[in-house]
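S.K.: Predicted coordinates and the sequence they were generated for:
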Amino acid sequence: MALNTLADVFAFIDISGKEYKPYYKLIEEKRALPRYVYKCLKDEYICDNVKDKLACYPLQSDCEAIYENGPRTDGMYMISPDGRCPFLVYCHMKNGGWTVIQRRVDGRVSFYRPWDGYVSGFGDLDGSFWLGLEKIHRLTRDGSQIYFDMENYDGSRDYAHYNVFTVYEAATAYRMNVDTFGYRGSIIELLSYHDNQKFSTYDRDNNASSSNCCKDRDGGGWWYKDCYKLGNFNGVYGKRELGGIGYGDGGHLQIKNVEIKIKAMYGVC
């Protein structure tokens with residue numbers, strides 16, 4: 001199989017637990033490369049098939065940077081927020097380029113996952129997925145905006161938009177900070193309830209409650225406190241009672257679908 005599409009390139013990159021190397025080196029270790037592909041990758045460009053011809057684009061830090069440098073079509077792109085090993089993300093190019101970190105649109109992907117699964121990520125970037133805590137940390141370490149796009153069962157939509165959101169490194173158990181300054185949304189502000197909380201999964205309980213919020217909420221990982229307000233977005237898809245996807249505002253408010261996306265703090269929604 002020729003290495004001339006994003007998917008082909010990504011298939012030959014092992015980003016788990018590797019020390020930093022230019023990613024063309026990772027590929028080079030796997031197999032020999034055609035000279036034109038090697039040059040494209042060596043110069044830290046990414047290759048994609050455009051109208052059956054190999055095209056190369058500079059490797060960008062996030063979806064906003066991709067938007068500003070040319071491609072403006074929704075879809076999967078390779079990025080590297082910090083010059084380390086790159087990874088694939090799904091970009092929403094409307095409103096300047098947002099990097100999607102979580103999406104729930106069906107029940108085909110189980111979100112009942114252990115700690116390691118939430119660290120590395122899982123699912124299908126074209127469908128339901130969790131990008132992974134380590135990647136989210138790399139994207140938000142200098143602060144970012146975060147946008148929750150929620151679809152209700154009656155077809156209406158709600159949103160919550162924060163201007164400052166940060167996930168810290170693994171040594172902190174991926175502790176999360178959020179600032180309510182400039183909050184905009186169709187629901188009341190709720191995420192600050194989780195400010196400064198560590199991430200929890202059913203096999204690693206870091207919440208502030210005497211109970212295991214993750215186990216009690218059917219296993220979806222989150223920055224639980226006691227237990228959640230915004231929200232239970234990694235809960236059981238399609239379940240309309242406690243344990244299903246939703247958020248807490250005096251009770252569990254169920255939602256059908258959700259997408260969570262980020263972009264740099266200086267970006268404009």
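M.R.: Received it, and whenever you're ready, just let me know what you need. Residues are numbered from 1 along each chain as shown.
S.K.: for the stretch 51-200 of the chain, which spans come out with low pLDDT?
M.R.: Counting by pLDDT under 70, the ranges of the stretch 51-200 of the chain that qualify are 51-58.
S.K.: middle-most residue in the protein, spatially?
M.R.: Compute the mean C-alpha point of the chain, and by Cα atoms, centre = their mean the closest residue is Ile101, 1.7 Å away.
S.K.: Go ahead and confirm it touches Glu259.
M.R.: No. Applying Cβ atoms under 8 Å, one finds Ile101 not in contact with Glu259, separated by 9.1 Å. In short, each C-beta sits where N, CA and C put it, glycine included.
S.K.: Bridged to Phe148, which residues?
M.R.: Phe148 forms beta bridges with Ala160, Ile260, as assigned by DSSP bridges.
S.K.: any idea how far Pro71 is from it?
M.R.: Going from Phe148 to Pro71 by Cβ to Cβ, to the nearest Å gives 25 Å.
S.K.: So between the two, which is more surrounded?
M.R.: With neighbours defined as other Cβ atoms under 10 Å, Phe148 and Pro71 compare such that Phe148 has more, 23 against 18.
S.K.: Which stretches in this structure count as strands?
M.R.: 45-50, 53-58, 75-79, 87-92, 98-104, 122-123, 129-130, 144-151, 157-167, 176-179, 184-185, 246-248, 252-254, 257-264 (DSSP state E).
S.K.: how about the longest one as CSV, C-alpha atoms only?
M.R.: It stands for strand 157-167. Output of strand 157-167 as CSV, limited to C-alpha atoms (Å, rounded to 0.1, in the frame of the first residue of the first chain):
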residue,chain,number,x,y,z
ARG,A,157,-30.0,22.4,20.3
ASP,A,158,-28.2,23.9,23.3
TYR,A,159,-24.6,25.0,23.7
ALA,A,160,-22.1,26.1,26.3
HIS,A,161,-19.0,28.1,25.3
TYR,A,162,-16.0,28.8,27.6
ASN,A,163,-13.1,31.0,26.7
VAL,A,164,-10.5,29.4,29.0
PHE,A,165,-10.1,25.6,29.4
THR,A,166,-6.9,23.7,30.3
VAL,A,167,-6.1,20.1,30.9
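S.K.: Which elements pack onto that strand?
M.R.: Under the contact criterion of 3 or more Cβ pairs under 8 Å, 6 or more residues apart in numbering; DSSP states H and E, strand 157-167 touches helix 133-140, strand 144-151, strand 176-179, strand 184-185.
S.K.: Dump the strands of the chain to a markdown table, plus distance to His137.
M.R.: Formatted as a markdown table, the strands of the chain follow (distance: least, Cβ to Cβ, whole Å):
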| stretch | distance to His137 |
| --- | --- |
| strand 45-50 | 22 |
| strand 53-58 | 23 |
| strand 75-79 | 14 |
| strand 87-92 | 12 |
| strand 98-104 | 11 |
| strand 122-123 | 16 |
| strand 129-130 | 13 |
| strand 144-151 | 11 |
| strand 157-167 | 5 |
| strand 176-179 | 10 |
| strand 184-185 | 24 |
| strand 246-248 | 23 |
| strand 252-254 | 29 |
| strand 257-264 | 11 |
